[in-house]
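*Asks:* take this sequence and fold it.
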Amino acid sequence: MNIHYLQHVPFEELGSIEPELTAKGHQLTNTQLYKNEPFPAVDSIDWLIVMGGPMGINDENEYPWLKEERDYILQVIDAGKI
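*Replies:* Numbers count the residues shown, from 1 in each chain. Modelled structure (predicted):
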């Protein structure tokens with residue numbers, strides 16, 4: 001299974017869940033939003049993990065990628081991958 005996660009800040013990682021996922025043979029990929037990396041195609045992932053961060057939903061002026069992230073998450077939900 002290809003599990004993709006959205007990372008909002010450099011110090012935020014999967015932590016103790018990562019070894020569990022890799023031990024089960026899952027492939028992990030991520031989008032580092034703070035680096036303005038692109039999102040993968042929705043059909044290229046099987047599951048999405050959305051990490052936390054210090055920003056809030058109304059912080060689009062400071063974090064302009066928030067709107068794009070919300071749109072992507074909605075596409076993933078519609079595809080049943082969350």
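*Asks:* longest helix of the chain?
*Replies:* Longest helix of the chain, by residue count under DSSP state H: helix 65-78.
*Asks:* name the residues of that one that are buried.
*Replies:* Using 16 or more other Cβ atoms under 10 Å as the test for burial, helix 65-78 gives 65-66, 69, 72, 76. Any C-beta I mention is one placed from the backbone N, CA and C, and that applies to glycine too.
*Asks:* average pLDDT for it, rounded please.
*Replies:* Helix 65-78 comes out with an average pLDDT of 93.
*Asks:* just to revisit the earlier point, dump the buried residues of helix 65-78 into CSV; add distance to I57 as well.
*Replies:* As requested, these are exported to CSV (distance: Cβ to Cβ, whole Å):
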residue, distance to I57
W65, 13
L66, 7
E69, 10
Y72, 14
V76, 17
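*Asks:* of those, which is the nearest to M51?
*Replies:* Ranked by distance to M51 (Cβ to Cβ), these are led by E69 at 11.0 Å.
*Asks:* quick one, what contacts that closest one?
*Replies:* Contacts for E69 (Cβ atoms under 8 Å, 6 or more residues apart in numbering) come out as 6, 33, 39.
*Asks:* quick check on the first one: phi, psi?
*Replies:* Translated: L6. Note on L6: backbone dihedrals following degrees, to the nearest 10 are phi -100, psi 120.
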